[in-house]
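Q: fold the following.
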Amino acid sequence: MKLLKIGRDASCDIVLHSEKVSSLHAEITLMNSGDILLEDKGSRNGTFIQNQAIKPGKPVNVRRGDAIRFGDVELQWSQIPMPEDNSAYKAIYGIGSHFNNDIQISGGTVSRYHATIKVGRDNKVYIIDHSKNGTTVDGQKITPNNPYRIKKSSSVVCGGVPVNLKATPIQWPSQAWKTILGAAAAVLILFGVGFGVYKMFPSGKTNMKSLQNATACVLGQYYIEIKYKDDPFVGRIQNWPETWKFGIPKGATEYKLALGTLTGIDITPISYTGTAFFISEDGEMGTNRHIACPWAELSNDDKDAIRQTMEKFLVDRQQYLINNYLNPAINAGDLSQNDAVAWLSRVQKSEIEFSGSFEYLGVALTGTNITSIADLHACQVIAESGDPEVDVAMLRLNSKKTPEDIVKGGFFDIENARTDEMSIIPQEDELTTIGYPVQFGISLVDKIGKGVELSPTVHRTYISKTPNEHQFQIQSNVVGGQSGSPIIDKDRRLVGIVWGSHRGTEVAYGANIKFLKEMYDKYKARK
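A: Predicted structure coming up:
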């Protein structure tokens, strides 16, 4: 992938000499697939495709030859590089901080599209750097835009952030013979060489150690976003925010929300942790809805604080908004003075919709020594129930492949989950939860870079009373971080997912596993 910055500033890749072009006006991203994405970066005079303005901050697909205009300057397609000839490569992987990458890493010195790894048809693997802060291989800084040969054992560092090559979706040449040996081993097992397997999986059940390995600690970083239900300025006033973003003020030592949009306040994302568990070979995991969409569980106190912040902002900064956003539209004849005042009043009285967006979402595997965020596996939300009463969701690794050691050991069998919750007998059926309680959750956020090795907590429990349609009650002192923990019975069958508890008590709740099974059947990867 290649990123091209377009604007009036001399540092841009394509410099346009016009007063109606912003310093950084837009960006074009050339994807490995050949697709071309165009994004307006909040320019003053807009970006247009076929004379139709596009929304700032929303990438759109374009085709070579489209009539594109930045302010009053037409794009010359001769300035945009032609697609690379990648016929000599059988696989291409992007590395960077943007979620479009196959290998997503985070860090202030990591470029959005930092480098590209290409696998040749001769099975040789190369990395090409095209970043601002450079890439090193085995301690040597490589020349930008030139292929550099790497191996699975190579130490690759992008912008100071290590890349765990072994945890990436790259198909290394050595994996072919491993696949053949694995197939041969499977044949031997089918013909009865199964004593070792019997020891590992007594009575056909995946052993507890393997299930611990198939449980992962979730690390998420997100922003809260709000939108006014009645905002007449959206789409009519140049650069007027469609959404307003909240986060933690940079340098803050405690949880405190601050508005970052149009305030000049430098905010950082909100960090949190939870638990997820692998349910397929395709990187798919079960967890809670509130882990997949943390902003959906905003407390009333947080919502009130956000409303008060917005009310204060619209009053205190009213003149600023008029001078910088409304007056240009009034002077251009696009808005009357009376409408400007009336519409501001409408916004102030409007209801607010709460949502959010991820800065990063990934999982740390059991047994991992966390030296940097590169040791985590980036993932995304595949589906969530959309119902606060049904606290289940599905995640999937960006690699779309569960790590081999987990597949070999055994993951949670969602296909044969115990979906009849009414069959669980209170105080009789012994259950087990596997998850990451708060002491480990907080340390994962705070101790990245200190080599923390992850290990989940295993807890035996019973249900307290007959389940209802959505949930059941268990006897367990569940704390933060354990949300999303799998609940299994003595036969290691999934029965539920831990979602919360009554603080300070040993009363906790699990969501019925049937909802995750239904979600999996609908959204699972198809072969």
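Q: am I right that Ser11 is in a strand?
A: No - judged by DSSP: H, G, I helix; E, B strand; the rest coil, Ser11 forms no part of a strand; its state is coil.
Q: look up the closest residue to it, ignoring the ones flanking it.
A: Lys5 (7.5 Å; C-beta to C-beta, 6 or more residues apart in numbering). To be clear about C-beta, it is placed using only N, CA and C from the backbone, and glycine gets the same treatment.
Q: just say helix, strand or coil for the one you found.
A: Following three-state DSSP, the label given to Lys5 is strand.
Q: and it, how far from Leu38?
A: Distance, Lys5 to Leu38, by C-beta to C-beta, to the nearest Å: 12 Å.
Q: before we move on, back to that, count the neighbours of the residue nearest to Ser11 for me.
A: 17 (other C-beta atoms under 10 Å).
Q: now do the contacts for it.
A: For Lys5, the contact set (C-beta atoms under 8 Å, 6 or more residues apart in numbering) comprises 11-14, 24, 27.
Q: may I ask which two of these are separated the most?
A: The widest separation within these, taken as C-beta to C-beta, falls between Ser11 and Glu27 and amounts to 12.8 Å.
Q: who's the residue nearest the centre of the chain bridged to?
A: Centroid check for the chain by C-alpha atoms, centre = their mean gives Leu361 as the closest residue, at 3.4 Å. Under DSSP bridges, the beta-bridge partners of Leu361 are Gly220.
Q: am I right that it is in contact with Leu376?
A: No - using C-beta atoms under 8 Å, Leu361 makes no contact with Leu376, being 9.4 Å away.
Q: circling back: what is in contact with Lys5 and Leu38 at once?
A: Contact criterion C-beta under 8 Å, 6+ apart; residues bridging Lys5 and Leu38 by contacting each: Glu27.
Q: which residues touch Ala364?
A: Residues near Ala364 by C-beta under 8 Å, 6+ apart: 216-217, 219, 370, 375-377, 444, 454.
Q: quick check: phi and psi at it.
A: Taking degrees, to the nearest 10, you get phi -100, psi 130 for the backbone angles of Ala364.
Q: same deal with Ala329?
A: Dihedral angles for Ala329 - degrees, to the nearest 10 - are phi -70, psi -40.
Q: so what's the residue count around it?
A: When neighbours are defined as other C-beta under 10 Å, Ala329 has 18 of them.
Q: who touches both of Leu361 and Leu376?
A: Counting by C-beta under 8 Å, 6+ apart, the shared contacts of Leu361 and Leu376 are Leu219.
Q: hang on, the earlier thing: of Ser11 and Glu27, who's got more company?
A: Applying other C-beta under 10 Å to Ser11 and Glu27 shows that Glu27 carries more neighbours, namely 21 against 9.
Q: show me what that one is bridged to.
A: With DSSP bridges as the criterion, Glu27 is bridged to Lys5, Glu39.
Q: quick revisit: so which of the contacts of Lys5 comes closest to Glu284?
A: When the contacts of Lys5 are compared against Glu284 (criterion: C-beta to C-beta), the nearest one is Glu27, at 32.4 Å.
Q: for the stretch 101-250 of the chain, what spans make up the strands?
A: For the stretch 101-250 of the chain, the strands defined by DSSP state E, counting those that start in this stretch cover 103-104, 115-120, 125-129, 135-137, 140-141, 148-150, 156-158, 161-163, 215-228, 244-249.
Q: can you list the ones you listed in JSON lines and add mean neighbour count, distance to Val73 and mean pLDDT?
A: Converted to JSON lines, the strands of the stretch 101-250 of the chain look like this (neighbours: other C-beta atoms under 10 Å; distance: least, C-beta to C-beta, whole Å; pLDDT from 0 to 100):
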{"stretch": "strand 103-104", "mean neighbour count": "25", "distance to Val73": "33", "mean pLDDT": "86"}
{"stretch": "strand 115-120", "mean neighbour count": "22", "distance to Val73": "30", "mean pLDDT": "91"}
{"stretch": "strand 125-129", "mean neighbour count": "21", "distance to Val73": "31", "mean pLDDT": "93"}
{"stretch": "strand 135-137", "mean neighbour count": "20", "distance to Val73": "33", "mean pLDDT": "92"}
{"stretch": "strand 140-141", "mean neighbour count": "10", "distance to Val73": "36", "mean pLDDT": "89"}
{"stretch": "strand 148-150", "mean neighbour count": "16", "distance to Val73": "37", "mean pLDDT": "92"}
{"stretch": "strand 156-158", "mean neighbour count": "22", "distance to Val73": "34", "mean pLDDT": "91"}
{"stretch": "strand 161-163", "mean neighbour count": "21", "distance to Val73": "36", "mean pLDDT": "86"}
{"stretch": "strand 215-228", "mean neighbour count": "23", "distance to Val73": "32", "mean pLDDT": "93"}
{"stretch": "strand 244-249", "mean neighbour count": "20", "distance to Val73": "30", "mean pLDDT": "94"}
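Q: and the ones you listed: which comes nearest Ala91?
A: In terms of C-beta to C-beta, the element of the strands of the stretch 101-250 of the chain nearest to Ala91 is strand 115-120, at 4.1 Å.
Q: and whichever strand or helix holds Ala342, what does it pack onto?
A: Applying DSSP states H and E as the criterion places Ala342 in helix 337-349. Other elements packing on helix 337-349 under the criterion 3 or more C-beta pairs under 8 Å, 6 or more residues apart in numbering; DSSP states H and E are helix 300-316, helix 327-331.
Q: lowest-confidence stretch among those helices?
A: Mean pLDDT is lowest for helix 327-331 out of the helices and strands packed on helix 337-349, coming in at a mean of 89.
Q: counting contacts, what elements does it pack onto?
A: With contacts taken as 3+ C-beta pairs under 8 Å, 6+ apart, helix 327-331 sits against helix 337-349.
Q: now the helix it packs on: mean pLDDT?
A: In this model, helix 337-349 carries a mean pLDDT of 90.
Q: Leu298 and Glu384: what is the separation?
A: Look at Leu298 and Glu384: by C-beta to C-beta, they are 15 Å apart.
Q: okay, these two: which has more neighbours?
A: Glu384 (21 against 18).
Q: looking at it, the more buried one is touching Ile291, isn't it?
A: No - the criterion here is C-beta under 8 Å, and Glu384 misses it with Ile291 at 9.2 Å.
Q: and for those two, which residues touch both?
A: Joint contacts of Glu384 and Ile291 (C-beta under 8 Å, 6+ apart) are Ala393.
Q: tell me who's in contact with Gly410.
A: Residues in contact with Gly410, defined by C-beta under 8 Å, 6+ apart, are 201, 206-207, 210-211, 214.
Q: how about 6 Å then?
A: 206, 210 (C-beta atoms under 6 Å, 6 or more residues apart in numbering).
Q: in this structure, what spans have low per-residue confidence?
A: Filtered on pLDDT under 70, the chain yields the residue ranges 173-205, 438-452, 476-481, 501-506, 527.
Q: ranges for the helices of this protein?
A: Counting by DSSP state H, the chain has helices at residues 175-190, 195-200, 208-213, 289-292, 300-316, 318-321, 327-331, 337-349, 404-409, 438-446, 514-523.
Q: neighbours of Asn32, how many?
A: Using other C-beta under 10 Å, Asn32 is surrounded by 21 other residues.
Q: that concludes my questions; thank you for your assistance.
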